[in-house]
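S.K.: Turn this into a model:
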Amino acid sequence: MTSAEVRVVTARAVFAAPGEQINGLEAMPEGLWLSDQRNNRTYLIDYNGAVLTSFPSPARNASGTSAGGGWVWVASNTRLATIFRHDPQTGHCTACVILPNPDQGGVHGIQWRPYEPGETPPGMTDAGPELHPTAPGGRLNAGPGANGTLWVTRPGALCIDHIDAETGDLLGQIPFPATRSHGMFWDEADGTLSVAETNQGHIYRLDPRTGAVRDEWRVAGPEVHAMTRSADGRIWIGDAATNTILLVEA
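M.R.: You can find the predicted model right below:
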């Protein structure tokens, strides 16, 4: 697809993000979850921009943000590439998962998904004895399939990983056609994954089974880092360069 064929849309600034530099964004009924890559806090704001709650995360250069399975997930865009799981009520970090090939490419965007019909969680590996049986914090994880899945953009590796959210086991991988993949959202209507690339503001709608590009469009103006879509169909963008949250307009 040539650049002349790519349709161009604009985005309208709605409000400033809290914190210093927005880098992750997820729309939920209660508002927008977002993560800041400088202060490494994650915030819940309402759809008017008011902060409802916030918490610190162990994530550094906090990047992708998603919510699902009863948790808020925050990606650490550092080596080793790690995703942290948080209790949304308290902010407590309850687990972390290290990505496959953690030294190959960062983590810019994540999207939580349940296991789809026909998807099988990987098998449980044989468990060895606990080193400290009386320490609850030392217990093994709940096993594959316990917390759904995560789609993860890996810009340095030019791919998108699909992993088990509890164990980090790789379920699949699709290619990404540009060098700086970032935020994403899932389209329930057709089962596609729309992923932003930051350098040129292109949005690719992908077949999650093969990585085939079904559509491509571009957002003119902002530097597209975080991206999500709310239940009413509105597409929200986090511009890290200006720490602004915007809405896409046709």
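S.K.: residue ranges with poor pLDDT in this protein?
M.R.: Within the chain, the ranges that satisfy pLDDT under 70 run 1-4, 105, 124-133, 135-140.
S.K.: most centrally placed residue in it?
M.R.: Ile110 (1.8 Å; Cα atoms, centre = their mean).
S.K.: Now that residue: closest residue in space, sequence neighbours ignored.
M.R.: For Ile110, ignoring the flanking residues on the chain, the nearest one in space by Cβ to Cβ, 6 or more residues apart in numbering is Gly64 at 3.6 Å. All C-beta atoms are positioned from the backbone trio N, CA, C, and that covers glycine.
S.K.: continuing past the lengthiest strand in the chain, what's the next helix or strand?
M.R.: What stands out as the longest strand in the chain, according to DSSP state E, is strand 7-16. Remark: after strand 7-16, the chain's next helix or strand is strand 22-28, criterion DSSP states H and E.
S.K.: about what we covered before: Provide the partner residues of the residue nearest to the centre of the chain in its beta bridges.
M.R.: Val152 (DSSP bridges).
S.K.: what residues are up against it?
M.R.: Gly24, Gly64, Thr65, Ser66, Trp73, Ala75, Ile83, Leu150, Trp151, Val152, Thr153, Met184 (Cβ atoms under 8 Å, 6 or more residues apart in numbering).
S.K.: Give me the number of neighbouring residues for the residue nearest to Gly19 when sequence neighbours are not counted.
M.R.: Spatial nearest neighbour of Gly19, chain neighbours left out: Asp36 (3.4 Å); criterion: Cβ to Cβ, 6+ apart. Close neighbours of Asp36, defined as other Cβ atoms under 10 Å, add up to 25.
S.K.: Same check on Ala241?
M.R.: With other Cβ under 10 Å as criterion, Ala241 counts 12.
S.K.: you'd agree it is up against Glu223?
M.R.: Yes: the pair Ala241 / Glu223 is scored as a contact, 4.3 Å apart, by Cβ atoms under 8 Å.
S.K.: Report the separation between the nearest residue to Gln104 once chain neighbours are set aside and Pro175.
M.R.: Nearest residue to Gln104, sequence neighbours excluded (Cβ to Cβ, 6+ apart): Ala157, at 4.9 Å. Ala157 is 10 Å from Pro175, where distance means Cβ to Cβ, to the nearest Å.
S.K.: More neighbours: which of these two?
M.R.: Ala157 (17 against 13).
S.K.: doesn't Asn101 make contact with that one?
M.R.: Yes: applying Cβ under 8 Å as the test, Ala157 and Asn101 come out as touching, 7.1 Å apart.
S.K.: got the angle between the longest strand of the chain and strand 22-28?
M.R.: Going by axes from the mean of the first three to the mean of the last three Cα atoms, to 10 degrees, strand 7-16 is angled at 90 degrees with respect to strand 22-28.
S.K.: Quick check: neighbours of strand 7-16 in the sheet, parallel or antiparallel?
M.R.: Short version: by DSSP bridges, strand 7-16 pairs with strand 213-220 (parallel), strand 244-249 (antiparallel).
S.K.: Please enumerate residues in contact with the last one?
M.R.: Contact with strand 244-249 is made by 9-17, 22, 25, 32, 34, 49, 219, 222, 234-239, as judged by Cβ under 8 Å, 6+ apart.
S.K.: and it, which residues are buried?
M.R.: Using 16 or more other Cβ atoms under 10 Å as the test for burial, strand 244-249 gives Thr244, Ile245, Leu246, Val248.
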